[in-house]
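# Here is my input, please return the structure:
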Amino acid sequence: MKPLADRDPFRVGLVAMAVGVLVAGLVLVVTFVSFGKTEYHAILAQTAGLRVGEDVEIHGVPTGKVKSIVLDGDTVRVGFTVSSNLHLGTSTTAAVKVATLLGTHYLAVDPSGSGSLDTIPLAHTSVPYNLQDVLEKGTGNLQKLDPVLLAKALTETSKTLTATSQNIGPALDGVARLAEAVQKRSGQTGDLIAAARSVTNQLSASSGDIVVLMRDGNLVLAEINSRRAAIHTLLTETTTLASNLASIVSSTKSDMAPALRQLNVVLTTLRSQDATLKSVLDQMAPTVRYLANATGNGPWGDLWLKSPAIPPDDLACRAGGCP
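Below you'll find the predicted structure:
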């Protein structure tokens, strides 16, 4: 690489100047161009102490800076920036607020409405009262007053009050009548105070009963708390019992399954035996009925056989069988 001392000084100077101009341009761009910001304007009645570089806040969050303050006739045109992702509608308002007691301010912007705007009109802006401005304006206006005319105005005011003295008298009479009415009502006022005092005395005399009632109320509350604790204990024990039963069922599940199956077998056998017994009873019913009919005349059974299965009595006697 060729040393700088061996290069052409003229070309080196041109390159240095170009680099300087480029750096200056970058500084200007960074200073005056707000990346990710959108510039708006607001028309104010006065600056109210607002200065370039102070914050712009939306709902208490700083979102931009005041960029310019320009006198526009009888109003002030303020240029400011906010984040590009914030939308200012046609009903947006702006107000100058005091930030600290040291005199710093900020511009409070409240986005509202549909559509879009570039400039917030004067009807949608407001500024705080500035005592110094009021004093300055008041001092100037007082200096502009003619002392002779002011003295004449005060003289005329005094004459007017003198001319209206006849009206002042009746007004004072009205005040006196009002005082008399209050005085006449003093007896009723005293009765009202006496009644209030009797109520107070009654409450004072019943303070013991009130204290007892409060104590009984405490006892009731204590009993309620005790019942609540008992119910809580019952619920806790029930929960524990349910947990234990669940564990028992879970642990005996493998043993109870075969037992339940054997119980089903026993039930099936019993059902079949029940059917057999029912059939036996159905078949024995006619036999038992016939037997009951045969023994219905006494402790013997009637038997009839057609002759000569059994010989008659006389034949039996002829055979020497009778006594």
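# can I see the domain layout of the protein?
35-136, 191-254 (automatic domain parsing).
# Kindly reformat those domains as TSV containing mean pLDDT and distance to Thr160.
C-beta: built from backbone N, CA, C; applies to glycine. Rendered in TSV, the data for those read as follows (pLDDT from 0 to 100; distance: least, Cβ to Cβ, whole Å):
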stretch	mean pLDDT	distance to Thr160
domain 35-136	86	29
domain 191-254	85	44
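# Go through those domains and pick out the most buried.
With neighbours taken as mean count of other Cβ atoms under 10 Å, the domains of the chain reach their highest mean count in domain 35-136, at a mean of 15.
# How far does it sit from its chain's centre?
Using Cα atoms, centre = their mean, to the nearest Å, the mean C-alpha position of domain 35-136 is found 35 Å from that of the whole chain.
# Which strand in this protein has the most residues?
Using DSSP state E, we find that the single longest strand of the chain is strand 61-72.
# re earlier: take the domains of the chain and lay them out in a markdown table including distance to Asp146.
Below are the domains of the chain laid out as a markdown table (distance: least, Cβ to Cβ, whole Å):
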| stretch | distance to Asp146 |
| --- | --- |
| domain 35-136 | 21 |
| domain 191-254 | 59 |
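# which residues in the stretch 201-323 of the chain form strands?
Using DSSP state E, counting those that start in this stretch, no strands are found in the stretch 201-323 of the chain.
# in it, which spans are helices?
Using DSSP state H, counting those that start in this stretch, the helices of the stretch 201-323 of the chain run over 207-251, 253-294, 313-318.
# Centroid-nearest residue for this structure?
His59 (22.0 Å; Cα atoms, centre = their mean).
# From Arg271, how far off is that one?
Distance from His59 to Arg271, counting by Cβ to Cβ, to the nearest Å: 82 Å.
# need the helices for the stretch 51-200 of the chain, in chain order.
Going by DSSP H, counting those that start in this stretch, the stretch 51-200 of the chain shows helices at 131-144, 147-163, 165-184, 186-205.
# Can you give the contact residues for the third one?
By Cβ atoms under 8 Å, 6 or more residues apart in numbering, no residue outside helix 165-184 reaches it.
# got the CA positions of it in PDB?
Extracted C-alpha coordinates of helix 165-184, given in PDB (Å, rounded to 0.1, in the frame of the first residue of the first chain):
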ATOM      1  CA  SER A 165     -78.800  54.500  50.200                       C
ATOM      2  CA  GLN A 166     -82.600  54.400  50.200                       C
ATOM      3  CA  ASN A 167     -82.400  50.800  48.900                       C
ATOM      4  CA  ILE A 168     -79.700  49.800  51.300                       C
ATOM      5  CA  GLY A 169     -82.000  50.700  54.300                       C
ATOM      6  CA  PRO A 170     -84.800  48.300  53.300                       C
ATOM      7  CA  ALA A 171     -82.200  45.600  52.700                       C
ATOM      8  CA  LEU A 172     -80.900  46.100  56.200                       C
ATOM      9  CA  ASP A 173     -84.500  46.000  57.500                       C
ATOM     10  CA  GLY A 174     -84.900  42.700  55.800                       C
ATOM     11  CA  VAL A 175     -81.800  41.400  57.500                       C
ATOM     12  CA  ALA A 176     -83.200  42.600  60.900                       C
ATOM     13  CA  ARG A 177     -86.600  40.900  60.200                       C
ATOM     14  CA  LEU A 178     -84.700  37.700  59.500                       C
ATOM     15  CA  ALA A 179     -82.900  38.000  62.800                       C
ATOM     16  CA  GLU A 180     -86.200  38.600  64.500                       C
ATOM     17  CA  ALA A 181     -87.700  35.500  62.900                       C
ATOM     18  CA  VAL A 182     -84.700  33.400  64.100                       C
ATOM     19  CA  GLN A 183     -85.200  34.900  67.600                       C
ATOM     20  CA  LYS A 184     -89.000  34.000  67.500                       C
END
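# That one to helix 147-163, inter-axis angle?
Relative orientation of helix 165-184 versus helix 147-163 (axes from the mean of the first three to the mean of the last three Cα atoms, to 10 degrees): 50 degrees.
# Good, we can wrap up now.
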